[in-house]
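[1] Model the structure of this input:
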Amino acid sequence: MSGSIAGIVETLRSWLYCAFLSPVTEVLSSLPRSRERTPPPVKTRDVVLLLFERFPLIPFSCLVDCMRTANRFTADHAYRWHLVSPDGQNVCSSSGVQVTVEGPLEDVAACDRILLVATNENQYFADEQTFRNLWTLDRRGALLGSASSGSFVLARAGLLDGYRCTIHWENLPVFRELYPHLEITSNIYEIDRSRGTCSGGTAALDMMLKLVEQDCGHEMARRISQIYQHDRLRTPDDRQRMENRYDLIRLSPKLAEAIDLMQNNIEDPLTPQEVASHVDVSLRQLERLFRKYRDTTPQKYYLKLRLENARQLLLYTSWSGLDVAIASGFSSHSHFIKSYRDVYGRTPREERVPDTDRSE
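    Sure, this is the predicted structure:
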């Protein structure tokens with residue numbers, strides 16, 4: 001009796017499996033596994049990084065690591081990068097890290113992008129062969145860009161004419177004086193057709209993420225951003241954080257507007273009354289805002305901006321003291337010298353003498 005019951009149970013089990021479980025199992029096995037994502041196919045792009053002696057390491061790392069991470073998430077590597085220098089010699093970063101390059105720039109026949117990583121010491125870089133090589137790559141369709149002060153090199157070569165561009169805020173005064181015909185912004189990066197420039201530092205990551213977005217889609221760029229704990233994908237409309245500007249906009253938009261106005265009128269300074277009128281406040285209101293948030297007067301703050309501009313020109317150009325004074329809004333050379341010494345404790349001429357050469 002027990003044997004016949006066991007046989008009936010086994011028969012029912014086999015029937016149920018064939019009728020219901022087997023088809024369901026076949027359907028489930030045919031479905032793709034959620035964890036097995038096939039990386040999207042993309043075009044592989046060749047990116048050349050042109051490194052100059054004493055190049056900054058942070059923007060260089062941002063570029064390379066962003067491309068490396070993009071390669072992790074694509075079926076075919078999205079990027080191949082090549083390291084070169086103007087003369088093919090190995091280069092040393094500003095922090096002392098030695099980098100081996102593949103060769104000189106002139107060996108690069110073609111590429112999709114070439115990004116310059118340079119220091120502000122390269123603002124007078126004038127190697128004609130390098131300029132010719134860059135122009136050749138431009139004619140062959142490469143995007144030319146800068147991850148740091150390489151904007152100086154591109155501008156000197158005439159390769160930024162007619163394009164929006166940017167540079168680190170510390171270099172903006174010198175850059176604007178040297179190239180007044182360029183459309184220079186204070187944004188963190190600019191991508192304008194076949195040109196891409198950024199303000200250095202981690203802004204190189206923002207610019208590279210934007211290029212990844214163009215190449216591989218928004219989701220890929222967002223995913224890489226999260227890998228690097230980057231809070232969001234910043235856009236070219238994001239401005240550089242100059243002197244806690246965002247906090248100031250939140251606390252006092254009128255004062256932020258007044259400071260922007262002063263920064264954009266260094267060579268031909270406005271009077272405090274003119275500044276107040278432009279931002280639609282009274283002179284007394286403007287004075288109260290400067291006293292509350294900057295602990296100074298509008299006149300002293302404006303003078304500080306003009307002297308900072310002068311200091312950058314003294315350190316990074318070969319202009320005469322008189323030319324520096326005029327470009328910084330001083331009609332009297334003697335007044336410029338006195339004002340400079342009062343703030344920095346040395347004359348403009350002494351500013352250009354290395355510390356090791358100054359007499360004690």
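
[2] Can you pull the poorly scored residue ranges out of the protein?
    1-41, 237, 239, 241-247, 249, 353-360 (pLDDT under 70).

[3] domain parsing for it?
    Domain ranges of the chain: 45-227, 245-357, per automatic domain parsing.

[4] now the shortest one: how far from the chain's centre is it?
    Mean C-alpha position of domain 245-357 versus that of the full chain (Cα atoms, centre = their mean, to the nearest Å) differs by 25 Å.

[5] would residue 256 count as being in a helix?
    Yes: read with DSSP: H, G, I helix; E, B strand; the rest coil, residue 256 is one of the residues of a helix.

[6] okay, now it: neighbour count?
    A count of nearby residues for residue 256, using other Cβ atoms under 10 Å, gives 21. Using the backbone N, CA and C atoms, a C-beta is placed for each residue, glycine as well.

[7] do residue 318 as well
    Residue 318, neighbours per other Cβ under 10 Å, totals 9.

[8] List the contacts of it.
    Residue 318 is in contact with residue 124, counting by Cβ atoms under 8 Å, 6 or more residues apart in numbering.

[9] secondary structure class for it?
    coil.

[10] how much space between it and residue 265?
    Separation of residue 318 from residue 265 (Cβ to Cβ, to the nearest Å): 25 Å.

[11] can you pull out the helices in the stretch 51-200 of the chain?
    Using DSSP state H, counting those that start in this stretch, the helices of the stretch 51-200 of the chain run over 57-72, 128-139, 150-156, 172-178.

[12] And for the stretch 251-360 of the chain?
    With helices called from DSSP H, counting those that start in this stretch, the stretch 251-360 of the chain shows them at 253-263, 272-278, 283-294, 298-316, 321-327, 333-344, 348-351.

[13] Now these in JSON lines, please, with extra columns for distance to residue 174.
    Compiled in JSON lines, the helices of the stretch 251-360 of the chain are given as follows (distance: least, Cβ to Cβ, whole Å):
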{"stretch": "helix 253-263", "distance to residue 174": "14"}
{"stretch": "helix 272-278", "distance to residue 174": "24"}
{"stretch": "helix 283-294", "distance to residue 174": "24"}
{"stretch": "helix 298-316", "distance to residue 174": "5"}
{"stretch": "helix 321-327", "distance to residue 174": "10"}
{"stretch": "helix 333-344", "distance to residue 174": "17"}
{"stretch": "helix 348-351", "distance to residue 174": "14"}
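
[14] Which one of the ones you listed lies nearest to residue 178?
    Of all those, helix 298-316 sits nearest to residue 178, with 9.1 Å by Cβ to Cβ.

[15] Output the closest one in CSV with nothing but the alpha carbons.
    Presented in CSV, the C-alpha positions along helix 298-316 are these (Å, rounded to 0.1, in the frame of the first residue of the first chain):
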residue,chain,number,x,y,z
PRO,A,298,35.4,100.8,-0.5
GLN,A,299,38.5,102.9,-1.3
LYS,A,300,40.9,100.6,0.6
TYR,A,301,39.4,97.5,-0.9
TYR,A,302,39.7,98.9,-4.4
LEU,A,303,43.3,99.9,-3.8
LYS,A,304,44.0,96.3,-2.6
LEU,A,305,42.6,94.8,-5.8
ARG,A,306,44.7,97.2,-7.9
LEU,A,307,47.9,96.4,-6.0
GLU,A,308,47.2,92.7,-6.3
ASN,A,309,46.9,93.2,-10.1
ALA,A,310,50.2,95.1,-10.1
ARG,A,311,52.0,92.4,-8.1
GLN,A,312,50.9,89.7,-10.7
LEU,A,313,52.2,91.9,-13.5
LEU,A,314,55.5,92.6,-11.7
LEU,A,315,56.1,88.9,-11.0
TYR,A,316,55.0,87.4,-14.4
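
[16] what's the angle from it to helix 283-294?
    60 degrees (axes from the mean of the first three to the mean of the last three Cα atoms, to 10 degrees).

[17] what's the spacing between the residue nearest to residue 160 when sequence neighbours are not counted and residue 132?
    Spatially, and ignoring its direct neighbours in sequence, residue 160 is nearest to residue 154 (5.0 Å; Cβ to Cβ, 6 or more residues apart in numbering). Distance, residue 154 to residue 132, using Cβ to Cβ: 14 Å.

[18] Tell me which of the helices of the stretch 51-200 of the chain is the most buried.
    Mean neighbour count (mean count of other Cβ atoms under 10 Å) peaks for helix 150-156 among the helices of the stretch 51-200 of the chain, with a mean of 25.

[19] List of residues touching it?
    50, 52, 115-118, 120, 122-126, 130-131, 134, 144, 146, 160, 165-167, 171, 175, 178-179, 182, 195, 197.

[20] got it, and stretch 195-206?
    56, 58-60, 62-63, 66, 113, 115, 143-151, 154, 159-160, 163-169, 187-190, 207, 211, 228, 230, 233-234, 238, 240.

[21] Deepest-packed of the domains of the chain, please.
    By mean neighbour count, with neighbours taken as mean count of other Cβ under 10 Å, domain 45-227 ranks first of these at a mean of 19.

[22] mind checking how far that one is from the chain centre?
    With Cα atoms, centre = their mean as the basis, domain 45-227 stands 9 Å off its chain's centre.

[23] for stretch 222-241, same thing?
    Distance, centroid of stretch 222-241 to centroid of chain: 11 Å (Cα atoms, centre = their mean).

[24] Now do the buried residues in that stretch.
    By 16 or more other Cβ atoms under 10 Å, the buried positions in stretch 222-241 come out as 222, 223, 224, 225, 230, 233, 234, 236, 239, 240.

[25] ok, the last one touching residue 190?
    Same thing as residue 240. No: Residue 240 lies out of contact with residue 190 (Cβ atoms under 8 Å); the separation is 11.6 Å.
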